[in-house]
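Undergrad: What follows is a protein structure lacking sequence information:
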């Protein structure tokens, strides 16, 4: 059961890729924390300013399907560097924005480049890791996902307090430029897996429409004046999804995401688990700072600092989770992690303005350890048994469902909270009760997540050989 240490070369490649993924991961949370201040600076309504966030998310969702074709057709190193370069240029342009229209446009360009970056990063890591190291390397690559929600709001708050708003975007440039230089110098080539791959325009358009409409729909439903258009958008997303299934059944293996992928039990289980994990873990990421500000009365920076214990818990769990996933398989890591996440979320159903801060921080640390043990094993397991040309297809599918799950989680939990307050006086007790309802909703979906987790792969002394991930090189 003893594992050899990861080769330094593989770790070095992973860390360079992580550095390149930091700017887009930080950017989303840095800007989100400043939306209220930017609304005043640009003299627009909150609904208009929200498009700087929604436009980014929509463009990201539309871009993801393109990455699957690009990584098959071209050198992965060039795609990743090109996408990062585009992200840095759009960050610079966002900092130069002269009005709200230009800011929304350049933010959408940022989102599109980010949508190319992350699936390409995942595909490259799977290819370099091999079966035995996938869990541990995924835990390294997951570092930006941890640091984004922790460090982003703090950086954004400090920038808005001490610097001009333009530094919300300029801050991406130094890290990104260093990452580009290291990639050019140290990163090996990732040759195309299928240089003759033809672009599946109908598949790309249908998947982009599916992702975009679902995300747009749930963000509109969250608004008090957009429920009708939101429901219509979700319906359009469902129709485009059905159209894609029919299209993929006709093209078979040539489809952007072949339906054949779902014949793999663990891929289907991972796919469902990623949606539920996005819902049950990302949703509370939105509720927690709102709970701290609206119930506890904390300011933006202090509420961001209160989330640090959760991030520390995620970091503590990640290295252990990666090793355990490689050793035991995803099932025996995800199930205990779900139990720990439930343990770290349930107390928030009872927390109020008088709860000790030390108890809140302790529970957040426990919750972080649980959340840190869910996504990485599930992501790793989605690639178990895939052939090399299927890795890019799986990366696109998993990224799309993560985006949709996170959007649904944030929107539905925010709707639950606002609905609980409808027609009631805005008192401390009523505010606490509304957030308690939101946390209960997230717990329900986390419990449901136990079901697909039962179908993830596992390894024992007797079954190790038959359950190992075999990624054809």
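TA: That came in fine, so what should we check first? Please read these numbers as outputs of a predicted model, since none were measured by experiment.
Undergrad: Excluding residues flanking it in the chain, which one is nearest residue 115?
TA: residue 63 (2.8 Å; Cβ to Cβ, 6 or more residues apart in numbering). Every residue, glycine included, has its C-beta placed from N, CA and C.
Undergrad: average pLDDT for the helix or strand harbouring the one you found?
TA: Assigned by DSSP states H and E, residue 63 falls within helix 51-73. Computed over helix 51-73, the mean pLDDT rounds to 78.
Undergrad: Show me what it is packed up against.
TA: helix 8-32, helix 35-41, helix 76-95, helix 100-129, helix 201-222, helix 388-421 (3 or more Cβ pairs under 8 Å, 6 or more residues apart in numbering; DSSP states H and E).
Undergrad: Let me know the angle separating that helix from helix 100-129.
TA: 30 degrees (axes from the mean of the first three to the mean of the last three Cα atoms, to 10 degrees).
Undergrad: any idea how far the closest residue to residue 449 other than its chain neighbours is from residue 451?
TA: Spatially, and ignoring its direct neighbours in sequence, residue 449 is nearest to residue 276 (4.1 Å; Cβ to Cβ, 6+ apart). From residue 276 over to residue 451 the distance is 9 Å, taken as Cβ to Cβ, to the nearest Å.
Undergrad: any low-confidence regions in this structure?
TA: Within the chain, the ranges that satisfy pLDDT under 70 run 1-9, 46-47, 129-139, 141-146, 149, 193-197, 219, 221-227, 319, 459-473.
Undergrad: domains for it, by residue range?
TA: For the chain, automatic domain parsing gives the domain ranges 1-197, 201-255, 260-473.
Undergrad: Those into a markdown table, with extra columns for mean neighbour count?
TA: Shown next, in a markdown table, are the domains of the chain (neighbours: other Cβ atoms under 10 Å):
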| stretch | mean neighbour count |
| --- | --- |
| domain 1-197 | 20 |
| domain 201-255 | 18 |
| domain 260-473 | 20 |
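Undergrad: and residue 378, what element?
TA: Going by DSSP H and E, residue 378 is in helix 375-381.
Undergrad: What is that helix packed up against?
TA: In terms of contacts (3+ Cβ pairs under 8 Å, 6+ apart), helix 375-381 is packed against helix 134-141, helix 265-277, helix 308-328, helix 331-345.
Undergrad: closest to residue 434 out of the ones you listed?
TA: Proximity to residue 434, assessed across the helices and strands packed on helix 375-381 by Cβ to Cβ, is greatest for helix 331-345 (16.2 Å).
Undergrad: what's the angle between that closest one and helix 265-277?
TA: Using the same axes, to 10 degrees: helix 331-345 against helix 265-277 is 10 degrees.
Undergrad: Helix 331-345 packs against which elements?
TA: Taking 3+ Cβ pairs under 8 Å, 6+ apart as the contact cut, helix 331-345 packs with helix 308-328, helix 357-372, helix 375-381, helix 428-448, helix 450-453.
Undergrad: just how off-centre is it within its chain?
TA: On the basis of Cα atoms, centre = their mean, to the nearest Å, helix 331-345 is displaced by 19 Å from the centre of the chain it belongs to.
Undergrad: got it, and stretch 360-378?
TA: 15 Å.
Undergrad: and if you look at stretch 280-291?
TA: With Cα atoms, centre = their mean, you get 14 Å for stretch 280-291.
Undergrad: next one: stretch 354-364
TA: 26 Å.
Undergrad: and what of stretch 151-169?
TA: 22 Å.
Undergrad: Check stretch 299-307 too.
TA: 21 Å.
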